[in-house]
Structure formats: structure tokens, C-alpha cells
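Visitor: how does the following fold in three dimensions:
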Amino acid sequence: MQYLRLFHGRHTPDEQLSDWGFDGPIFACVSGVSVTYACEIKFENQDDELCVLKIVDDLVYYNDCWYGDFEIISDSEQNIPDLDVFDETKAQHDGWHARVRREAKRRQAKKKTKVLGTRNLKLRAT
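Guide: Coordinates of the predicted model:
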């Protein structure tokens, strides 16, 4: 049996780690693992279901966490701790960078509103 282990975890992609980050889930892989164009990691679990993890900006996303590394291990290499059950809904994300850009625009608009609200502007027709 093979296993896919995620590690070097962080809570946001831009989080500056002072250490190696945290360990992530370990999934059982029945038929091996494939990586497509460094965008997806695919494997079949024990129930013969296709599992897909997304790689975004060099990080693997799962369950609101981002992982810098993954490895494939076999049970002959080491004792495998409790396995995690793959949940497809935890492997989907709404585009972290898009969310950050929306927040930045919202903050910028708020700043402009504050500045314009404190000034008494009079426009003169020319």
C-alpha cells in the first residue's frame, strides 16, 4: 500500500514560516499517484474513487491549508499513523489570490471614501 503525505503546512499561501510548518493529512493511494502539469495530484483511494488535489502557486491546497511539500510513502518504510479520509469538498478553493485582490480593492475604496468625506470639494465649471 502507498500513501500520500502532505507537509510543510501553512494557513495562507503568503504566510512567512519561522519553522517547517505543520504536518498535513495522509491519504491511502491504491493505484499510485500522478501529477498533471504540476497543477493537480491525482490518486485513487481505498474505495476506488478518484481524488484530486490542486496545486496553486507551488502549494497543495486541502482543508483551508496550503502545503509546500508532498511525498509518497509505503507502509514498509515507516509506521503509518492514522489515515485521513479524503473529502472532495475540502480540496476545492475559491481562488485565494482573487479573494485577496477583492479585499485590497475594498480597503482601497474605503480609504478613498474616508478621504473624500473629510474634504469639502467644490468643482468649478471651466
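Visitor: so what pairs up with the residue nearest to the spatial centre of the chain in the strands?
Guide: Of all residues in the chain, the one closest to the mean position by CA atoms, centre = their mean is Tyr61, 2.7 Å from it. Applying DSSP bridges to Tyr61 gives these bridge partners: Trp66.
Visitor: cool, the one 10 residues further on as well?
Guide: On the basis of DSSP bridges, Glu71 takes part in beta bridges with Arg5.
Visitor: is it in contact with Arg5, as I believe?
Guide: Yes. Using CB atoms under 8 Å, Glu71 makes contact with Arg5 at a distance of 5.3 Å. Every C-beta, even on glycine, is put in place using the N, C-alpha and C of the backbone.
Visitor: residues touching the residue nearest to the centre of the chain, list them.
Guide: By CB atoms under 8 Å, 6 or more residues apart in numbering, Tyr61 lies in contact with 53-55, 67, 91, 93, 96.
Visitor: what's the answer for Leu53, then?
Guide: By CB under 8 Å, 6+ apart, the contact set of Leu53 is 6, 40-42, 60-62, 70, 91.
Visitor: of all the residues you listed, which comes closest to Thr12?
Guide: Within these, proximity to Thr12 (CB to CB) peaks at Tyr61, which comes in at 11.0 Å.
Visitor: flag the shaky bits of the protein, pLDDT-wise.
Guide: For the chain, applying pLDDT under 70 flags the ranges 76-78, 94-102, 111-126.
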